[in-house]
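**Q** heads up, no residue letters with this:
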Ligand SMILES: Cc1cc2nc3c(=O)[nH]c(=O)nc-3n(C[C@H](O)[C@H](O)[C@H](O)COP(=O)(O)O)c2cc1C
């Protein structure tokens, strides 16, 4: 197979103390909850010419199992709301993309379009929206529901939500605002487009009361991998955060989603697939293994059990720790692809419940690689060259050390192999990700989804 001509895209998935579930207990982990901690991480990633920093988010503290939650740093309690934080970080960064998570189940499309449009203008065109439907069951109780919204209903709402937001972002054409003192014309009415949306979930007249950004509009990212998740991504997203452990899973997912683009008039390069990787890197394999084991030893059984109960959608607290993971538990209404991924892993490697949580406590079901810079670069290169990814979301085990390790040890090796940039291609997120400047779908009459060029 011919070597790819494009280069790997890299995002830093920032979780304040690090992605390993016990990272907060490690003496080298920063407490990570202050603005300066995020300034440090954002500047580290930008100096390394990463494409993006990405912030996960939820709208509920996950404290149903308060004993386990009280032993974790990430129980759904985040130091900052992500759009607020990235708006602040936009003033201390220049090129790196700023991707925040926001829920289509528990937001309003007009306000969300405005907030991300504002972040996009504040940052000079570097905003991205990680569209989630909120698989977290606890979120429903903070927004007037008595039970979690059904998975299928969440995605039906998300489809319409995305169309409204995309339509609102096209309220004004790029050159609508003239600000012409001589003629007295501030904007050209012919370049203003009301949305006049009326659907099952939303009725939104528009226009959005904020102009388009230097990159046209924010980049839409999707992270769901169920059937409706993949379809929504193929129709509306320009980047996907995915979670696959094996090369086969990755290439299968990549071919599946890229294969869906044509029916929406979109081309292969209109969507970048960026699976997560949890890299533990050191100059020697034994040193990398020691680093990883030092984190593993800090995992408390309550926390490990709680983590796989959340990911598998099954409360495993009543099952023996050293017994098997239950066969065929009920389908979850939470994250379907994540349940499948965790249960397949347990079956594939014949893991007990304790072995399963030790296996995924770091990467939460993402791809985990422990080794030297060459080991990790080899794995990234293989997945990239075999079209299992267009880039990767780096989920450092511990912050800031894990991110600086990857930057100091793996990035130079990727550059030596000609796989990663030396300099940014542009100043907007689209320019650096290699995405087209979106035409204004209201101006061209291609309503709703992402308008093809
Ligand atoms: C890299 C990555 C990041 C994610 N970040 C969030 C997040 O911040 N908030 C959230 O509610 N869900 C997040 N998710 C979960 C997805 O939105 C989705 O619920 C999950 O992938 C299951 O989707 P599915 O039911 O379509 O398979 C993330 C998933 C991935 C792969």
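**A** Sure thing, it's come through. Computed from a predicted model, the values in this text were never measured in an experiment.

**Q** tell me the contacts of the residue of the stretch 51-200 of the chain found nearest the ligand?
**A** Residue of the stretch 51-200 of the chain nearest the ligand, by Cβ to the nearest ligand atom: residue 56 (3.0 Å). Backbone N, C-alpha and C define where each C-beta goes, glycine included. Neighbouring residues of residue 56 by Cβ atoms under 8 Å, 6 or more residues apart in numbering: 13, 15, 78, 82, 101, 130.

**Q** and the spatially closest residue to residue 431 that is not a sequence neighbour, how many neighbours?
**A** Nearest non-adjacent residue to residue 431, counting by Cβ to Cβ, 6 or more residues apart in numbering: residue 425, 5.5 Å away. By other Cβ atoms under 10 Å, 14 other residues sit near residue 425.

**Q** using the three-state scheme, assign residue 425.
**A** coil (DSSP: H, G, I helix; E, B strand; the rest coil).

**Q** isn't it right up against residue 432?
**A** Yes: under the criterion of Cβ atoms under 8 Å, residue 425 is in contact with residue 432, at a separation of 5.6 Å.

**Q** where's the nearest residue to residue 377 once chain neighbours are set aside, which helix or strand?
**A** In this structure, residue 377 finds its nearest non-sequential neighbour in residue 413, 4.2 Å apart by Cβ to Cβ, 6+ apart. Element membership for residue 413, per DSSP states H and E: helix 411-416.

**Q** now that helix: buried residues?
**A** 411, 413-415 (16 or more other Cβ atoms under 10 Å).

**Q** can I get the residues you listed in CSV with distance to residue 257?
**A** As requested, the buried residues of helix 411-416 are arranged in CSV below (distance: Cβ to Cβ, whole Å):
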residue, distance to residue 257
411, 27
413, 28
414, 24
415, 28
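
**Q** and which of those is nearest to residue 21?
**A** residue 411 (25.6 Å; Cβ to Cβ).

**Q** who touches that closest one in this structure?
**A** By Cβ under 8 Å, 6+ apart, the neighbours of residue 411 are 10, 48, 420.

**Q** out of these, which are buried?
**A** Here, 16+ other Cβ under 10 Å leaves 10, 48, 420 buried among the contacts of residue 411.

**Q** give me the nearest residue to the first one, chain neighbours excluded.
**A** For residue 10, the nearest residue in space outside its immediate sequence neighbours is residue 50; the separation is 4.8 Å by Cβ to Cβ, 6+ apart.

**Q** likewise for residue 64?
**A** residue 138 (6.5 Å).

**Q** count the residues that sit near that neighbour.
**A** 16.

**Q** what's the answer for residue 353, then?
**A** Counted with other Cβ under 10 Å, residue 353 comes out at 24.

**Q** does it touch residue 321 like I think?
**A** Yes: counting by Cβ under 8 Å, residue 353 does reach residue 321; the two are 5.4 Å apart.

**Q** mutual contacts of the two, please.
**A** Common neighbours of residue 353 and residue 321 (Cβ under 8 Å, 6+ apart) are residue 305.

**Q** coming back round to it: quick check: pLDDT value at the residue of the stretch 51-200 of the chain closest to the ligand.
**A** As predicted, residue 56 sits at a pLDDT of 96.

**Q** adding distance to the ligand and pLDDT, write the buried residues of helix 411-416 out as a markdown table.
**A** Converted to a markdown table, the buried residues of helix 411-416 look like this (distance: Cβ to the nearest ligand atom, whole Å; pLDDT from 0 to 100):
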| residue | distance to the ligand | pLDDT |
| --- | --- | --- |
| 411 | 20 | 98 |
| 413 | 24 | 98 |
| 414 | 20 | 98 |
| 415 | 25 | 98 |
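
**Q** on that earlier part again, and the residue nearest to residue 64, what does it touch?
**A** Taking Cβ under 8 Å, 6+ apart, one finds 60-64, 76 in contact with residue 138.

**Q** what about the strands in the chain?
**A** Under the criterion DSSP state E, the chain contains strands at 9-14, 52-55, 97-103, 127-132, 177-180, 185-187, 197-198, 203-204, 219-222, 239-242, 272-281, 367-371, 391-394.

**Q** as a markdown table, the ones you listed with distance to residue 2 would be great.
**A** What follows is the strands of the chain, written out as a markdown table (distance: least, Cβ to Cβ, whole Å):
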| stretch | distance to residue 2 |
| --- | --- |
| strand 9-14 | 20 |
| strand 52-55 | 28 |
| strand 97-103 | 29 |
| strand 127-132 | 30 |
| strand 177-180 | 45 |
| strand 185-187 | 49 |
| strand 197-198 | 45 |
| strand 203-204 | 47 |
| strand 219-222 | 28 |
| strand 239-242 | 24 |
| strand 272-281 | 19 |
| strand 367-371 | 25 |
| strand 391-394 | 19 |
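
**Q** how much space between the residue nearest to residue 10 and the ligand?
**A** Separation of residue 50 from the ligand (Cβ to the nearest ligand atom, to the nearest Å): 15 Å.

**Q** isn't that residue up against residue 13?
**A** No: Residue 50 is beyond contact range of residue 13, at 10.6 Å (criterion: Cβ under 8 Å).

**Q** more neighbours, the two?
**A** Set residue 50 next to residue 13 and count neighbours by other Cβ under 10 Å: residue 50 wins out with 28 against 23.

**Q** which residues does that one contact?
**A** Residue 50 neighbours (Cβ under 8 Å, 6+ apart): 10-12, 96, 394.

**Q** out of these, who's nearest residue 386?
**A** residue 10 (17.9 Å).

**Q** ok, now how distant is that closest one from residue 168?
**A** 30 Å (Cβ to Cβ, to the nearest Å).

**Q** likewise residue 291?
**A** 46 Å.

**Q** higher neighbour count, those two?
**A** Under the criterion of other Cβ under 10 Å, the comparison of residue 291 against residue 168 puts residue 168 first, with 26 against 21.

**Q** quickly note the distance from the more buried one to residue 191.
**A** 15 Å.

**Q** and this protein, which residues reach the ligand?
**A** 56-58, 101, 132, 134-136, 151, 223-226, 229, 241-243, 276, 335-338, 393 (Cβ under 6 Å from any ligand atom).
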